[in-house]
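>>> Model the structure of this input:
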Amino acid sequence: MNFRITLVLVVVAVLMGGYLWFGPPLTEPEQDDSPTSQDWFYLVDDLIINRLDVTYFGTAATFIRDSERVWHYGDLDGPPVSEEFAGTPFLAGGARSPRLIVENPDEEDLQLYGLDDPQITLRFYLEDGQAYTVYVGDLTPDRITNYARIDGIDRVYLLDRSWGEHMARLITEQDIFVSTPTPAPDPDATPTP
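Predicted structure coming up:
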């Protein structure tokens, strides 16, 4: 190899090493305040959620987790849920919001956003006895997000419509979220080849 090339490579390596050694320390990334960043609407540990009460246009369903961490429909003696339910506690544990719409909404604001009579109400209970209620109102004019708020917090946020659609499916498509027991085989039945 040529002496000049080797010398240039050594100088570059020394300069880079010096910059890394004496340069600024690594820092945490700064908070993204761009219009596309999304803050948490709310966030709880989904592993400590032990009950979900969902209401969609007045029809309600309850899902309860037993001491062995198995989810059941209705009550602890109810049928276990199907695999389709698996991500529901994770979704119930938190949601990001692209935007805060209004702080300290009055009755007129709640009516405007469909939160005076919400389409979807999700109440989730934690192991320590705390409970939170999320209200999902009307779709925005672009039909991409819903207006939403949490009971006791005077703010209205935007919430991706897929979150609300999943919670609504717990009511409208209960049959896919609840396991149906497989009938026991009939001992008198003749086996078919």
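>>> Going by C-alpha atoms from here, please, whenever you check contacts or count neighbours.
Noted.
>>> which stretches of the protein form strands?
39-43, 49-56, 59-65, 71-73, 94-97, 100-103, 120-126, 131-139, 145-150, 155-160 (DSSP state E).
>>> Kindly compare burial across the ones you listed and name the winner.
For these, the largest average neighbour count (mean count of other Cα atoms under 10 Å) is found in strand 145-150, namely a mean of 24.
>>> could you give the mean pLDDT of it?
Average pLDDT, strand 145-150: 95.
>>> List the neighbouring strands of that strand plus their orientation.
In the sheet, strand 145-150 lines up against strand 131-139 (antiparallel), strand 155-160 (antiparallel) (DSSP bridges).
>>> and the shortest one, how far from the chain's centre?
Same thing as strand 155-160. With Cα atoms, centre = their mean, to the nearest Å as the basis, strand 155-160 stands 13 Å off its chain's centre.
>>> ok, now stretch 161-168?
Put simply, stretch 161-168 sits 10 Å off its chain's centre (Cα atoms, centre = their mean).
>>> Below-threshold pLDDT in the protein: ranges please.
Within the chain, the stretches with pLDDT under 70 are 1, 3, 7-38, 181-193.
>>> Closest to the centroid, which residue in it?
Leu91 (2.7 Å; Cα atoms, centre = their mean).
>>> quick one, what contacts Leu76?
When contacts are counted by Cα atoms under 8 Å, 6 or more residues apart in numbering, Leu76 touches 64-66.
>>> 7 Å instead?
The contact partners of Leu76, taken as Cα atoms under 7 Å, 6 or more residues apart in numbering, are 64, 66.
>>> Let the chain start at 54 from now.
That works, and once the first residue is 54, the last one we named lands at Leu129.
>>> beta partners for Ser150?
Under DSSP bridges, the beta-bridge partners of Ser150 are Asp92.
>>> same question, Tyr210
Beta-bridge partners, per DSSP bridges, of Tyr210: Leu153, Ala201.
>>> if I look at it, how far off is Arg149?
Counting by Cα to Cα, to the nearest Å, the separation of Tyr210 from Arg149 is 10 Å.
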